[in-house]
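1. My questions are about this predicted structure, shown below with the sequence.
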Amino acid sequence: MKVVLFAVEAVVAYVLPGFLALCLVDLPRARWWHRLGFAVPVSLVIVPFFLVAVSNIVPLQPNPYWLMALVALLGVGVVILRRPRRLPRLALRTRDGAGDALPSRGETILAAAFILLFTLAINLPRLDFLVNGNLATWGGSGDEYWHLAELVSVARSGLPPHHYFFPDQPLVYYYWSWIYPAILANTLGLGVSLARALAVHAIVQTGAFVGVSWCLLRLNLRSRLARWGGLWALTLAGGFDFFATLSMYKVEDWQRRVVWLVSNNQVSSFPTLFMWVPQHVAGAMAFVLGLLLWRNVRAPAAVRAAILALLAGFCLGSSAFIFLSMAIAGVVWMLLHTRLWWRVKALGPLAWGAGLFALGAGRQALISLSQSGGIKVNEFRIPLLEGFLETSSPAFQTLDRWLSLAGFPLVLAWVMLIEMGLPLALYGVWVLTRGLRERGRWEKFLVFFPLLYLFLTLAFTHGGPGRNFVTRGSVPAQIGIVLGAAVLLAQVNWRSMGRLQRGFIAYAAALTILAQSLTPFFDLRARSLQAIGRALHAEKAVQVAGITIGTPPTPWPAEFEYMRWINLHTPPNALIVETGTIEDDTRFRLLERMRLVTYPMAAEMSLMSVDLELLDPARWQAARDAFEGAAPLALVAASEYARMRPVPIYLVDREKAGEPAGPVVYEDGFVRVVLVERD
């Protein structure tokens, strides 16, 4: 019964706020199902924005009550504005003749079915999280364990969130995408685990991005081939990474594994984004919605400024580097529309939009600026002179870097051809044959924005973790390349070709599509085997028609068995004090409670460097210098988080030396868990 109630709550939570928000505007000729279709992406944007804006004034715990408060505000707004018919008008419009050849009902149903099936399939690596919840052992990707830890910070410590290992330190990360699963998991009486809520949210976020992308293609392309080509490129296309390394593993890192290139760049394919980083998918969705706002929405300037502020704030809070790319796209837009915004009449909407953005995302902007790392010169180069002269001289490295930048059209074309394959080839043909001669602002944008950003990725990189200036920031540029390729497909006069020509093109395209789909298929299968086996509680390989679809799960470490007990038998707001030493493991992050990790233990954890990237290093070091030698209970007594919140505290004692500090509630061969009695 609880599963049914959770499903109902999730549907209402993801649909109702966006549906009411769309009722605040007049949508001519829009039916209820049109509002329903856009309700989910709108909800994904406005709910985190609202909660963060409130938390900038007063700290809060993300839960359904705040969601109900937003729904009530939207409902009151609908009642007030609809009676006197003062609703601002917002209309969707088709472009480039797309309205003359709208998809048939059959094509629309087929697209909806494809989006649904793809969304479920690409999230198979999260099946263990979805089925087993807080007893799951397989995250599907290496990043998912830290995503769960970040969700612990948001759900348990509230907004603004505190670090999941060091609760006196703020979480220095873009966390907005974890607000929705925190709301779902904090519903009283349902007992929803954070892992299950995270899996559900990833599924919803993937479907929302692909659905919004289909709407953009549908409203701007009259060619069915162009629409479906664009949809394929945004879902199944994986580049030729597999053929660059002839390896089924770590194919995304091919640039630093080939001998003819010196590069730490990594350009993720869309399937990889869906499997690894739903928060960056959220930022990409905001970018696509921004393109829709510019290209296909007619509305008053103040309304457009408000929508853009919401999208920009949500993008910054979900993915700082996609926001940076979105900002560069905004600069290109401003250069193309100078007459539109460079006038006195535009000052009011611009000020209104900037104020709204600052209200919701001002604090997040400061957090992002304080993250470790920074933009620095990229070492990307083809070692031409170094290889020819057999030297590693810094002078020749610099010369090779400048030669690579000077020849960036050829270098970029070759590298991105491996990264994106057919869409890049079609985009290049379109730019050279038509794009550079186009006079429309939309076409100019599709030409100059992707090329500008990709050139910047050759010249600069991010000095912090993840190389995200390239890895995540290039996603909007990839979207622009896909749109340019789709425009070419729409412009080709296929009827003027002979049967032999069309047949050869179809044959070559089919081979290319199959080849590009190999990389994501290998990656998806490798990441889904344990998830399926774990979800089915398989004791041996699961096979269908002789093909293995699931493998027995990796045994759960006996030294982590206490974590399962804590997940099942302690209050969600409990604070767990970790002491001693462990053999660090990504699965150590699967505990769904806030922790206080003692500093000597943190120093011995081999993966702690990743956790330290999510806080202010100077502030953390100062706390460590002050309390590194303190006993665990003294550290608890000095903790502001523990003092200010009446939360139950449990001490995980690995040494088991002396008398316990309170009642022992759990004990095994590795640890004993003690309930610390508070004064």
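-> Yep, that arrived.
2. my guess is Leu234 contacts Ile481, does it?
-> No: at 10.6 Å, Leu234 does not count as touching Ile481 under the criterion of C-beta atoms under 8 Å. From N, CA and C alone the C-beta is placed, and that goes for glycine too.
3. quick one, which of these two is more surrounded?
-> Taking other C-beta atoms under 10 Å, Leu234 and Ile481 do not tie; Ile481 has more neighbours (27 against 24).
4. so who does the more buried one touch?
-> Counting by C-beta atoms under 8 Å, 6 or more residues apart in numbering, Ile481 touches 416, 420, 423-424, 427, 450.
5. Look up phi and psi at it.
-> phi -60, psi -40 (degrees, to the nearest 10).
6. Report how many residues lie close to the residue nearest to it when sequence neighbours are not counted.
-> With sequence-adjacent residues excluded and distances taken as C-beta to C-beta, 6 or more residues apart in numbering, Ile481 is closest to Tyr427, at 4.6 Å. Counted with other C-beta under 10 Å, residues neighbouring Tyr427 total 29.
7. tell me the SS of Tyr427?
-> helix (DSSP: H, G, I helix; E, B strand; the rest coil).
8. right, and it touches Leu489 too?
-> No: contact criterion C-beta under 8 Å: Tyr427 and Leu489 do not qualify, at 10.7 Å.
9. still on that earlier bit, kindly state the pLDDT recorded for the residue nearest to Ile481?
-> Each residue has a pLDDT score; the one for Tyr427 is 94.
10. need the next SSE after the lowest-mean-pLDDT helix or strand in the chain, C-terminal direction.
-> Sorting the helices and strands of the chain by mean pLDDT, DSSP states H and E puts helix 241-245 at the bottom, at a mean of 73. As assigned by DSSP states H and E, the chain's next helix or strand after helix 241-245 is helix 270-276.
11. I'd like the next helix or strand past that following helix.
-> Once helix 270-276 ends, the next helix or strand along the chain (criterion: DSSP H and E) is helix 278-296.
12. pLDDT on the helix or strand that that next one is followed by, on average?
-> Moving toward the C-terminus from helix 278-296, the next helix or strand (DSSP H and E) is strand 297-298. What strand 297-298 shows for mean pLDDT is 90.
13. Pull out the buried positions in the longest helix along the chain.
-> Assignment by DSSP state H gives helix 499-535 as the longest helix of the chain. Buried positions in helix 499-535, judged by neighbour count with 16 or more other C-beta atoms under 10 Å: 513, 515-525, 527-535.
14. Centre of the chain to that helix, how far?
-> Computed by C-alpha atoms, centre = their mean, to the nearest Å, the separation of helix 499-535 from the middle of its chain amounts to 23 Å.
15. likewise stretch 152-164?
-> Centre-to-centre, stretch 152-164 and its host chain are 18 Å apart (C-alpha atoms, centre = their mean).
16. who's in contact with the strand or helix carrying Trp414?
-> Under the criterion of DSSP H and E, Trp414 resides in helix 408-420. Helix 408-420 has contacts (C-beta under 8 Å, 6+ apart) with 233, 237, 239-241, 243-244, 254-255, 261, 263, 265, 267, 269, 382, 404, 424-425, 428, 451, 454-455, 458, 478, 481.
17. Just want the angle from it to helix 499-535.
-> With axes from the mean of the first three to the mean of the last three C-alpha atoms, to 10 degrees as the basis, helix 408-420 and helix 499-535 are set at 50 degrees to each other.
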